[in-house]
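>>> sequence and predicted structure below; questions after.
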Amino acid sequence: MLRFIRQARDLGLSLAEIRTVIGLRRGETPPGREVITLLQSHLDAIDHKIASLQDLRQAMTGVLRAAAAHADQTDLVPLFEIIDPASQRPGAGGAARPG
């Protein structure tokens, strides 16, 4: 039983979800459909997280490349200008853009 609980936790199931699965296992009928639905929900959440992390990685790669392109300059471009090229450098003159 402890091995099952540890494996379920490693898969990302909460203790409440593990209790539910254990309760279903102790029932008269196989827990098939309920467990499949629970696991599919977790898999969907993992897929969403992976997609978000891939988007974050792509954005970070772009920022890193832009920062590296300015690394040899004595007057480095502030990070916020690299992240948002439309932003203006404070004190660089001109009217501030409404944001």
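Thanks, I have the structure now. Numbers count the residues shown, from 1 in each chain.

>>> centre of the chain to stretch 37-51, how far?
Taking C-alpha atoms, centre = their mean, to the nearest Å, the mean C-alpha location of stretch 37-51 is offset from the chain mean by 12 Å.

>>> got the contact list for it?
Contact with stretch 37-51 is made by L11, G12, L13, E17, T20, V21, as judged by C-beta atoms under 8 Å, 6 or more residues apart in numbering. Where C-beta positions appear, they are placed from N, C-alpha and C, glycine not excepted.

>>> kindly list the longest helix within the protein.
The helix that spans the most residues within the chain, counting by DSSP state H, is helix 32-69.

>>> buried residues, that one. List them.
In terms of neighbour count (16 or more other C-beta atoms under 10 Å), helix 32-69 has its buried residues at L38, L39, A66.

>>> quickly note the distance from the last one to D84.
Using C-beta to C-beta, to the nearest Å, one obtains 11 Å as the distance from A66 to D84.

>>> before we move on, the earlier item: lowest-confidence one in the buried residues of helix 32-69?
The lowest pLDDT within the buried residues of helix 32-69 belongs to A66, with 81.

>>> so A8 is in contact with R25, correct?
No - using C-beta atoms under 8 Å, A8 is not in contact with R25, being 11.2 Å away.

>>> what's the neighbour count on L24?
Applying other C-beta atoms under 10 Å, we find 16 residues neighbouring L24.

>>> what about it, distance to F4?
Distance of L24 to F4, computed by C-beta to C-beta: 12 Å.

>>> am I right that E34 is in contact with L24?
Yes - the pair E34 and L24 qualifies as a contact (C-beta under 8 Å) at a distance of 5.6 Å.

>>> confidence score at G94?
45.

>>> next, the contact list for the nearest residue to R9 once chain neighbours are set aside, please.
In this structure, R9 finds its nearest non-sequential neighbour in I18, 7.2 Å apart by C-beta to C-beta, 6 or more residues apart in numbering. Residues in contact with I18, defined by C-beta under 8 Å, 6+ apart, are I5, A8, R9.

>>> mind checking which of those residues are buried?
Buried subset of these (neighbour count, 16+ other C-beta under 10 Å): A8.
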